[in-house]
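> okay, here's the prediction I keep looking at, along with the sequence it came from:
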Amino acid sequence: MDIKEQLKDIKTQLRLSMNGVVSHSMREKGLNYKLNFGVELPRIKVIAGMYEKNHELAQTLWKENIRECKILAGLLQPIDTFYPEIADIWVENMPNMEIAELTCMNLFQHLPYAPAKSFHWIAAEEEYTQVCGFLTIARLLMKKGEMDDRPTDEFLDQAICAALSGSYHVRNASLLALRRYMQHDTSHAFRVCRLVEGLADSTVEAEQILYNMVKDESIE
């Protein structure tokens, strides 16, 4: 099948698997798409398994303003043809947290340039660019745990700044990355504790949330 036929076949599979209850629930939670079949993730992975990874197909799927197509794009995109400039384009057009989380998990964390690119993303101004940066770093920390000293300093500075002043989604993504960093080693946890100890008596909500997260994580 050519790309056009594959896309048509995928949409047929999605329609056959659609779940109106899930789709309605997502709309109520603010996850708005031009089209949302409400197909659950295990089924989407089964559909992805029916096709070979293909750059052109993945790029075509990503351009569709359809929830399931964007998820499938991350699953079907080959790593070796997903160049940094394409990653930036995807991040710039990231529609919501669900797609950000799944694309970071299914694709971004596996990119050979993920460590360097994620640091560029967390330093950006755009909300979902920062979100993808922190989520990718969180994934990388789960796999490797360690960073070089200089990137660690930069990461901690950016993450704490984002946790205190970023948007809701950016704060949550940065807190997740900080948590993954702390979980790897007690020295990491101690280092973050030292950075936020001055917030112990703060009455600012964002500062309280950060301090309490660090405190709770250091006790576990």
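Here it is on my side, so go on.

> this structure: helices as residue ranges?
Counting by DSSP state H, residue ranges of the helices within the chain are 3-16, 20-28, 41-48, 55-63, 67-76, 84-92, 97-106, 114-122, 127-143, 149-165, 168-184, 186-196, 205-219.

> what is the mean pLDDT for the shortest one?
Average pLDDT, helix 41-48: 95.

> and it, how far out from the chain's middle?
Its chain's C-alpha centre and that of helix 41-48 lie 19 Å apart, by CA atoms, centre = their mean, to the nearest Å.

> quick one: buried residues of it?
Taking 16 or more other CB atoms under 10 Å as the neighbour-count basis, helix 41-48 is seen to contain the buried residues 43, 44, 47, 48. C-betas here are computed from N, CA, C, even on glycine.

> quick check, nearest of the residues you listed to residue 131?
residue 44 (21.1 Å; CB to CB).

> distance of the closest one from residue 51?
Counting by CB to CB, to the nearest Å, the separation of residue 44 from residue 51 is 12 Å.

> what does residue 168 give?
Using CB to CB, residue 168 is found at 35 Å from residue 51.

> so the two - more neighbours on which side?
Under the neighbour definition other CB atoms under 10 Å, residue 168 and residue 51 were set side by side, and residue 51 has more, 18 against 9.

> now for the closest residue to the more buried one other than its chain neighbours, how many residues are close by?
Taking CB to CB, 6 or more residues apart in numbering as the measure, residue 51 lies nearest to residue 76, with 6.1 Å between them; neighbours along the chain are not counted. As a burial measure, the neighbour count of residue 76 was computed by other CB under 10 Å and equals 25.

> thought residue 57 was touching residue 76, still the case?
Yes. With contact defined as CB atoms under 8 Å, residue 76 counts as touching residue 57 (5.8 Å).

> now do the shared contacts for those two.
Both residue 76 and residue 57 are in contact with residue 51, where contact means CB atoms under 8 Å, 6 or more residues apart in numbering.

> which residues sit in contact with residue 190?
Each residue near residue 190 by CB under 8 Å, 6+ apart is listed here: residue 218.

> okay, now the unreliable bits of the protein?
Judged against pLDDT under 70, the low-scoring parts of the chain cover residues 21-32, 145-146, 148-149, 220.

> no further questions, thank you.
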